[in-house]
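K.L.:
Show me how the following folds:
(3 chains)
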Amino acid sequence: MRRLPLLAGVLTLLLPLAACSGGSASSTVRKPGAKTFGSLPAQSGTPKDGGAIDIAQQPGAGPFYMLPVVPGAFNSTFVTYQFQRLMYRPLYWFPDGASHKVDESLSLAALPEFSDGNKTVTIKLRDGYKWSDGNPVEADDVVFFIDLVKAALKKSPANWADYTPGQFPDSIAGVEATSKNTVTLKLKEAYNPEWFTANQLTSIIPLPADQWSRASDGGPILDHSSPENAKAIYAYLDKASRDPATFATNPLWRTVNGPYRLSSFDVTTNAYSMTANEAYGGPQKPHIKTLNFQPFTSETAKFNQLLSGKLTMATVDQNNVGQVAALKTAGYHVYGAPRLGFSFIMLNFKDTTDNVGRLYAQHYIRQALQHLIDQPGYIASKGMYNGAAVESYGPAPASSPYVSGNVATAPYPYDPAAARKLLEDHGWKVVPDGATTCERPGTGASQCGAGIPKGQTLKFNLFYRSEPQLHSAVSTAFASAARKVGITVSVAPKTFSFLIQNFNVPAAPSKAGEWAMSTWGGFSTKPYPTMSGVFDTKGSGNVGAYSDPETDELIRASVHGADRKAVQAEIEHLRTDLPVLWLPNAHTIWAWKDTLSGPTDSFANLPAGVLTPEYWYLK
Amino acid sequence: MVQYVLRRLGTSAIVILGVSLITFLLLHGMSGSPGRAILGVQASAEAVAAFDREHGYDRSLAVQYLDYLGGLLHGDLGHSYKLNQSVNALLAENAGRTAMLSAVALLLAIAVAVPLGVFQAVKRNSVGDTVLTALTFVTYSMPVFLLAMLLIQFFAMGLGVLPAQAAQSSSDFVIFTEPRAMLLPVLTLTGVTVAMYSRYQRSAALDQLAQDYIRVARAKGLSMRLVLTRHLLRNACVPLVTLVGMSIPLLLAGNLVVESVFNYPGLGLLFFNGLNNQDYPVLLGYTLVAATLTVLGNLVADVLVAATDPRTRRA
Amino acid sequence: MTESVTDKPGGPAAPTARDGRGVRLPDTMSGWRLTAREFVQNRLAVSGLGIIVFFVLFCFAGPYLYVTDQVTVDPVSSLLAPGGGHPLGTDAQGFDVLGRIMLGGRASLQIGLFAALIATGIGTLYGTIAGLAGGVVDGFMMRVVDTLLSIPFLFIVLIVATRFSSTVLSLSLILGAFSWLAPARLVRAEVLTLRSRGFVAAATVMGATRARIVARHLIPNALGVVIVNITFQVADAIIAVSLLGFLGFGLNYPDVEWGTQLSAGVSYLLAGSWWLIYPVGGCLVLVVMAFNFVGDALRDSIDVRLRRR
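P.N.:
Below is the predicted model of the structure:
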């Protein structure tokens, strides 16, 4: 559906292009799989204070909730990084420029110390950070957050988006402010320090206990360690958080510890502005006085505004990649990189129709299917990624510090002949453009495999997300390649919400027989890219019900082992075991006016969706 | 007459009730859990279950429908969790812009269609009539989205004289404050309506021309011009009024497409985004409002017809 | 009541004017020959018929004369400009556009026809029953029609299309199942009018059974309205399916229809790929227009026939 608005924009874009001869196609062709889209400009000009910039909001992703304990219904990365993180700093900041890891220099605490067999965590807050009311950020503020989260979750597990049952805060046996600036966490079991730091502690956002630990406007400060009090405090803060009309005026929200605070919020359009917090205690005081976040009804509307020069910065949608030359002419820097995550064609291992589950159980069949996906071709194709993606064969991009360079190397590169050979070697009679059938059933090395009868065909249905066009293009190309080796892939579009509600084994087990493959884009992951919850047998997000004992063991080591690099082995195993079919990882692209500058790192984190505007200045 | 209107009002209420039931069942029967759609694919089963429970989606469909109906009786169309606003507020915010766009396009369409149709009728089978008939056929045979695309291509891209996107201001009167940016959306909507109205008007005028009173008037020596203005136009306009009442679904559908192609922030765009986000309350609210307008349009049209032609009241 | 509703422009019968000018047709002419004559005299109708014949040949015979590979996706030769073996260029998948238009047109025409037949079939049956039954039954049946007509068409079709996968058959069924409302009203109105006509009353007086009246008098007389309606329904269904395709719920690989082609084309128009839009768009408008021409002319001429009785 979203294609309609897109179309208008797409059409609009022809206008400036008509002027520059030759069109955009030739000027934006780049090598397939370039690690980044364009390059970061060097810092230039002299920093000066003041001024205002206009930043585009993501269409339909307005911030509707104030308290940094955000319910799932209101959560999105945009709300997190372009609203709350600017006002309320997390205990541990991430990423570190272009590197997907914790950045200690922007964190409120020094990296944690693990002791007692990784069952005790000691967190020391750093000096200098303070609330805008002058109070320092203290250990009690961390405890206050944890108490609030517990109260929120007690009311409903949907009340905190970051919550996974069994993990933080369920995993905490006890929390104590052992001094004004030290917090000690006792864990119920041992956790991998790297996982616990990067994926759990990064969710902690110290909150101003001195101001917020109350149950009514101007009420007395309560002891939040009592569950009764915490419940009342949460109810009070939650109520205030759901009232956008008072976001900019409620005295509660004037207390911040980030570089900016909210100065205005328009309830009808969701336009909001932030003003520099002079009392910010971080390493860099904000230069720019005002940030205006502009709302848009669609990507197209946003992009048009960008082209007309009325926006200082915005993301550039995949469909507008062809317009980058025009953007540069209009005076913008354009830079993109893969986000932290991965894209895939999901395989449903529980699909019993036509024995699909049994087919998937054979590694050679998954291998053959991956051999039919032409990642470099898709990336280069003007009808697909148009150069704005990287080859990716694992659950994390090569830019993650936790992976080896292998994820960019295809374990089973595009090679229909190899796919054909694999099938023939396992007893299949391959009929190009027809129906390939199993000729030698059985479990031997050169036979089809367990439960696959003679005459079995290779038939799969693939449901793709109805917008954007990319999913249709990729699915069609894959189906066409499959056809060449006698595999039938019938493709059909579904809306995204239909896909995730119905074609999702843990969420809708009764519909597991209705789908063999689906593709809607991908998953984004936490900094430490373990697939816990995604590819472990019991994972609640294990959409295709993939199950592999070795993977379970590796995931366990990633989460509970002592080896801080454990996740690398997990990713390496998944890369070749193919829990899904890997697709290219698209670049997240940003454009910003060349009048805006700052250290390169303060722009390198943009593709992760993270803003550090305190470093920017207008030349 | 009063009795007739009352009876029609009663059936209209039943129709609207039927619409609410059908849309409700369609939407809820088609998908499993709204909680999953709202919380996302990676949300835990516990969170989804909790969300569905908190918002009553775990109850039986009948109970949910009765609950929804209870809200409707109090004028409450529900709350959009995606947009964190009440559906009433969302519709109210966007209705003005949509109404303004439709009204301007409608008036323009009538202003063009009436003289056009009468001209064609009077000059029936002349070259001018054939050309105009062919032209209205072309517009009439075009899906709205195609008309919009072609207009954008020609005026925005080719000539570069008009913006391809509608004005984005949140003012209801943006159509008057930024007329240039609204020209293409208005033209598109007018285009599809003119095609329909002018063909209708042409036939209606032809019918009138054949009536005895026109012949009598002509025979009495009245000038053609006087006949046209005095008799023909007035009498041929009556069916047009009913046509406007009945073309509300057409206008609404046109608005949907036009608003999304041109990114005009109105009810149509709200509905489209709702479809994308599976925002049930918004979808239900919009459909109900659209249906009510359609029913009211029909009602007005029928009452007008009944007022002029008492025979129809019997049925 | 709403029998006054005419779903199509030009609702009131137009050709009274021709009579008014004193054109007298020989009384000996039979009704159907009269219809044919009136039809042939209409320039637009004849050209419409010509366009339809051309497109049927183009879409169904064309692929045998102009052979292209419409199944192998070729990402590398996507979006090639017209020329060099591809008179209308290639699309985003690397398919030859001219060959694709033939393929797409075939599906669009098929769906248009099937959907029209289904809609008119259901509508005729429903309208006849309601019209004959009268009273409470009629009232209830017409309220159902009112209700369904009040729900935005796009809303229903999109929701249903999300559930079912699109094939020529399923799209025809979906469109047909939701566009029988207008024919139902028309047929009911026609039946009501015919019922009050002298010859039916006469037959009743003469003791004819109800079934006989329906078979011998109502159906033949309502046939004109039904045939005209099918023509318009084809035009409408082609537009509706193009809209579905445009929104992403048209036919899927390896099949295609014109709406899907347009929607794919729009996404890449920024690359200057006008050849993805204009040829398909032009074909779509021409075909729909042709059906409207024919439908209009048919209605006019059938009106003449009816009046001569």
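K.L.:
Which single residue of chain A ends up nearest chain C?
P.N.:
Closest approach between chain A and chain C, counting by CB to the nearest CB: residue A:383, at 2.9 Å. (Each C-beta comes from the backbone N, C-alpha and C, glycine too.)
K.L.:
can you pull the contacts of that residue?
P.N.:
By CB atoms under 8 Å, 6 or more residues apart in numbering or on different chains, the residues touching residue A:383 are A:473, C:75, C:78-79, C:91-94, C:268.
K.L.:
Now it. Nearest residue, chain neighbours left out?
P.N.:
residue C:92 (2.9 Å; CB to CB, 6 or more residues apart in numbering or on different chains).
K.L.:
Show me what from the stretch 51-200 of chain B comes close to chain A.
P.N.:
B:51, B:54, B:81-85, B:93, B:145, B:148-149, B:152-153, B:156-157, B:160, B:163-165, B:168, B:170 (CB under 8 Å from any CB of the partner chain).
K.L.:
ok, which of the residues you listed also contact chain C?
P.N.:
Within those, those near chain C by CB under 8 Å from any CB are B:145, B:149, B:153.
K.L.:
quick one: which of the residues you listed is most hemmed in?
P.N.:
Ranked by the number of neighbours (other CB atoms under 10 Å in any protein chain shown), those place residue B:149 first, at 27 neighbours.
K.L.:
ok, and it, which helix or strand is that part of?
P.N.:
Assigned by DSSP states H and E, residue B:149 falls within helix B:144-151.
K.L.:
what are the ranges of the helices in the stretch 151-300 of chain A?
P.N.:
With DSSP state H, counting those that start in this stretch as the criterion, the stretch 151-300 of chain A has helices at A:193-195, A:209-212, A:227-241, A:299-307.
K.L.:
what's around residue 136, how many residues?
P.N.:
Since you didn't name a chain, this refers to chain A. Residue A:136 has 16 neighbours, counted by other CB under 10 Å.
K.L.:
ah, I was thinking of chain C
P.N.:
Look at residue C:136: counted by other CB under 10 Å, it has 8 neighbours.
K.L.:
picking up where we left off before, pick the most buried one from the helices of the stretch 151-300 of chain A.
P.N.:
helix A:299-307 (a mean of 25; mean count of other CB atoms under 10 Å in any protein chain shown).
K.L.:
average model confidence for it?
P.N.:
Mean pLDDT, helix A:299-307: 83.
K.L.:
could you check whether that helix is close to chain C?
P.N.:
No: on the criterion CB under 8 Å from any CB, helix A:299-307 is out of touch with chain C, staying 10.4 Å away.
K.L.:
That helix packs against which elements?
P.N.:
Secondary-structure packing of helix A:299-307 (3 or more CB pairs under 8 Å, 6 or more residues apart in numbering or on different chains; DSSP states H and E): helix A:3-19, strand A:52-56, strand A:313-316, helix A:324-329.
K.L.:
Can you name the residues in contact with the third one?
P.N.:
Residues from elsewhere that reach strand A:313-316, judged by CB under 8 Å, 6+ apart: A:53-56, A:58, A:302-303, A:305-306, A:323-324, A:327, A:334, A:336, A:588-593, A:596.
K.L.:
So which residues of the stretch 51-200 of chain A form strands?
P.N.:
Assigned by DSSP state E, counting those that start in this stretch, the stretch 51-200 of chain A shows strands spanning A:52-56, A:113-115, A:120-124, A:172-179, A:182-187.
K.L.:
Let's have those in JSON lines, adding mean neighbour count, distance to residue A:349 and mean pLDDT.
P.N.:
As requested, the strands of the stretch 51-200 of chain A are exported to JSON lines (neighbours: other CB atoms under 10 Å in any protein chain shown; distance: least, CB to CB, whole Å; pLDDT from 0 to 100):
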{"stretch": "strand A:52-56", "mean neighbour count": "19", "distance to residue A:349": "40", "mean pLDDT": "95"}
{"stretch": "strand A:113-115", "mean neighbour count": "15", "distance to residue A:349": "36", "mean pLDDT": "95"}
{"stretch": "strand A:120-124", "mean neighbour count": "19", "distance to residue A:349": "36", "mean pLDDT": "96"}
{"stretch": "strand A:172-179", "mean neighbour count": "14", "distance to residue A:349": "34", "mean pLDDT": "94"}
{"stretch": "strand A:182-187", "mean neighbour count": "20", "distance to residue A:349": "33", "mean pLDDT": "96"}
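K.L.:
in terms of contact, does residue A:309 touch residue A:331 like I think?
P.N.:
Yes: under the criterion of CB atoms under 8 Å, residue A:309 makes contact with residue A:331 at 6.7 Å.
K.L.:
Tell me where the model's unsure across the chain.
P.N.:
Since no chain was named, I'll use chain A. Applying pLDDT under 70 to chain A flags the ranges A:1-34.
K.L.:
oops, chain C please
P.N.:
The model of chain C has pLDDT under 70 over residues C:1-32, C:34-35, C:38, C:161, C:198-200, C:267-272, C:303-309.
K.L.:
Chain B too?
P.N.:
B:29-32, B:157-158, B:210, B:212-214, B:222, B:224, B:228-239, B:308-315.
K.L.:
Run through the strands of it in chain order.
P.N.:
B:79-80, B:85-86 (DSSP state E).
K.L.:
TSV please, covering those and showing mean neighbour count and distance to residue C:150.
P.N.:
Compiled in TSV, the strands of chain B are given as follows (neighbours: other CB atoms under 10 Å in any protein chain shown; distance: least, CB to CB, whole Å):
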stretch	mean neighbour count	distance to residue C:150
strand B:79-80	20	23
strand B:85-86	19	24
